[in-house]
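Student: Need coordinates for the below:
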Amino acid sequence: MDLSTLGTEARNERTTELDRMPVSELLSVMNAEDQTVALAVRDALPQIGAAVEAVTESLRRGGRLIYLGAGTSGRIGLLDAVECPPTFGTSPEQVVGLLSGGPGAFIVAVEGAEDEPARAVDDLEKIGVNDGDTVVGLAASGRTPYVVGGLKHAAAKGAVTVSVACNRDAVVSRYADIPIEVPTGPEVLTGSTRLKGGTAEKMVCNMLSTASMVQVGKVYGNLMVDVRASNEKLVDRARRIVVEATGADADTAAEALRAADGHAKTAIVMLLAHCTAEEATRRLNLAHGDTRTAVGRP
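Tutor: Predicted coordinates for the structure are as follows:
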C-alpha cells in the first residue's frame, strides 16, 4: 500500500514553516488542529455507540474488552485498560491491552513488531480470546499488519471485532464487525500520528470504556462508586462520593465505608436502603452491581 495516499501521512499546508514559527504561533496552530479532532470523533458517534453496545454485552456475559495495537495506538489501548481497575473496580483480566512487542514496548519501541500479524495471533491465544470477548483493533494509519492479523484471528474465534482508524476506507475496517473511522487529516508534524491521531484514539477509548462501564452499573449518577480506595487520595474520594450520593455527613460516610470494607457502592446502598453491609452486598449481588436497582430507586 502506498502510504503517501493516507490523510495521516499528508503534509499539513498550515504548518509547512513549522520550524520557523515563534513558539506562540506554533502552539496556536497545534491547538487549532487539535480542536478538529473532537469534531471528527463526533461524526463517528453512531459507530462508537454500536461498539459500546458490543462491549457492554461482552462484559455482562463475563467476557472482556480487549484492546490490540502497535506503537502509540497500542500504548493508548494499554493505558485505557490499566486505568479501569482503579476507576471502576474491574479485575485486571476484564479489560486487557495487548501491545505488539509486549509490555516492554510501552517504554522502549520494538522496531518491526507492528509488521508481524502472527504476533497478534500469539498474543490473543495466550489470553484465550473467545466468543464472549470484544476485540478493539487500534491503528491510526488503518493498515497495521499486527492489528489486521489480530482482528482476523479474533473473528475466527467468534469474538466481536471493532476497528479504530484515523483514515477513511481503512484496511482494518474490512476486518471489523464495527469499523470506526475518525479521519483526523494531516498532522502538524508530518506523519506523527501520536498527535491528532493519538488524541482521537484516546477519545474513542475513553468513550468505549467509560460508557460501557456506566451501562454495567459501575457508575451511580456521575460518581465512580466502584473506585478502589488504594491510597490516601482515593480514600478521601470514596468518602466524598458517599457524601454526594447519599447526603450523609462526612463522619457518617466514613463510618459506613469502614463497615463496607472501603467499598463506596456498598456504603451507599447501606445508607440509602438503611441496611447492614451484609444486606447491601446481597442487594448488589441480586442487582448485578447496579446501585439504583439495589436501593430500589428508578
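Student: in what helix or strand does Ala50 lie?
Tutor: helix 45-60 (DSSP states H and E).
Student: same deal with Ala245?
Tutor: Going by DSSP H and E, Ala245 is in helix 232-246.
Student: what's the spacing between that helix and its chain's center?
Tutor: 24 Å (Cα atoms, centre = their mean, to the nearest Å).
Student: Over to stretch 79-86?
Tutor: For stretch 79-86, the distance to the chain centre is 8 Å (Cα atoms, centre = their mean).
Student: what about Val135, helix or strand, and which?
Tutor: Per DSSP H and E: strand 134-139 holds Val135.
Student: mind listing what's buried in the helix or strand that comes right after that strand?
Tutor: Next along the chain after strand 134-139, taking DSSP H and E as the criterion, comes helix 145-156. Within helix 145-156, the residues scored as buried using 16 or more other Cβ atoms under 10 Å are 145-154. Yep, even glycine has a C-beta here, placed from its N, CA and C like the rest.
Student: And these, which is closest to Ser73?
Tutor: Val147 (7.6 Å; Cβ to Cβ).
Student: what's the closest one in contact with, if anything?
Tutor: 68-70, 73, 120, 137-139, 163, 172 (Cβ atoms under 8 Å, 6 or more residues apart in numbering).
Student: on that earlier part again, any idea of the mean pLDDT for the strand holding Val135?
Tutor: Mean pLDDT, strand 134-139: 98.
Student: helices and strands around that strand, which ones?
Tutor: helix 45-60, strand 65-69, helix 71-88, helix 145-156, strand 160-165, helix 196-215 (3 or more Cβ pairs under 8 Å, 6 or more residues apart in numbering; DSSP states H and E).
Student: Ok, which of these comes nearest Ala254?
Tutor: Of the helices and strands packed on strand 134-139, nearest to Ala254 by Cβ to Cβ is helix 71-88, at 20.3 Å.
Student: right, and the helix or strand after that closest one?
Tutor: strand 95-99.
Student: centroid residue for the chain?
Tutor: Cys205 (3.3 Å; Cα atoms, centre = their mean).
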